[in-house]
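Trainee: Generate coordinates for the sequence data below:
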Amino acid sequence: MAIIHKQSTDINKDPTIKSLLSRLPTELRDTFSDEQLEGLKVAIGNREWKTHPVDIRTTFGLFGKRYYMVFVAGKSRRSSGRLQKMIFRKAEVLFISFIIMLLIIAGTFFLYLLKSAMGLDMVSGESLGIWDWVQDLFKG
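Mentor: Sure, this is the predicted structure:
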């Protein structure tokens with residue numbers, strides 16, 4: 001049976017370990033063996049932030065206090081359970097339905113404006129007032 005040796009890498013160059021060691025007192029930094037540092041890395045996990053396609057971070061004040069908001073989005077790399085997949089599918093259907101509804105409303109609005117611009121009246125003397133409102137917006 002062949003023994004496979006793991007290639008030795010310098011654990012001290014790892015970003016997670018560098019961050020951990022930088023927060024320790026100087027006299028303790030050199031007392032850890034590579035094996036202990038590997039164990040610490042496994043115990044604390046990889047806490048590096050990955051890049052996300054959507055990454056919005058902001059702070060704001062409200063009622064004399066400071067709050068922060070973080071919104072990150074991207075492809076999930078975790079395996080999902082059956083319940084999570086079912087919930088995601090339903091949310092996906094709702095989201096797509098919402099987008100389709102918005103497109104239908106925007107299309108109807110555009111067609112109504114086009115009809116009004118051409119001077120066509122479906123019911124003589126009746127108007128929703130949208131065309132007048134749009135004209136007033138562009139008059140200044």
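Trainee: does residue 16 count as helix, strand or coil?
Mentor: helix (DSSP: H, G, I helix; E, B strand; the rest coil).
Trainee: now residue 72
Mentor: strand.
Trainee: List the residues that contact it.
Mentor: By CB atoms under 8 Å, 6 or more residues apart in numbering, the residues touching residue 72 are 52, 54, 55, 56. No exception for glycine: its C-beta is placed from N, CA and C like everyone else's.
Trainee: outside of stretch 86-95, which residues touch it?
Mentor: By CB under 8 Å, 6+ apart, stretch 86-95 touches residue 80.
Trainee: what about that stretch, distance to the chain center?
Mentor: With CA atoms, centre = their mean, to the nearest Å as the basis, stretch 86-95 stands 17 Å off its chain's centre.
Trainee: Can you point out the buried residues in the lengthiest helix in the chain?
Mentor: Secondary structure of the chain per DSSP state H: the longest helix is helix 82-117. Across helix 82-117, burial judged by 16 or more other CB atoms under 10 Å covers residue 116.
Trainee: Give me the helices and strands touching the helix or strand harbouring residue 19, please.
Mentor: Assigned by DSSP states H and E, residue 19 belongs to helix 15-22. On a contact count with 3 or more CB pairs under 8 Å, 6 or more residues apart in numbering; DSSP states H and E, helix 15-22 meets helix 34-44.
Trainee: can you list contacts of the helix it packs on?
Mentor: 8, 11, 12, 14, 16, 17, 20, 32.
Trainee: Please apply the same query to stretch 123-137.
Mentor: 109, 112, 113, 116, 117, 121.
Trainee: Give me the nearest residue to the first one, chain neighbours excluded.
Mentor: Spatial nearest neighbour of residue 109, chain neighbours left out: residue 130 (7.6 Å); criterion: CB to CB, 6 or more residues apart in numbering.
Trainee: any idea how far residue 117 is from that neighbour?
Mentor: In this structure, residue 130 and residue 117 are 11 Å apart, going by CB to CB, to the nearest Å.
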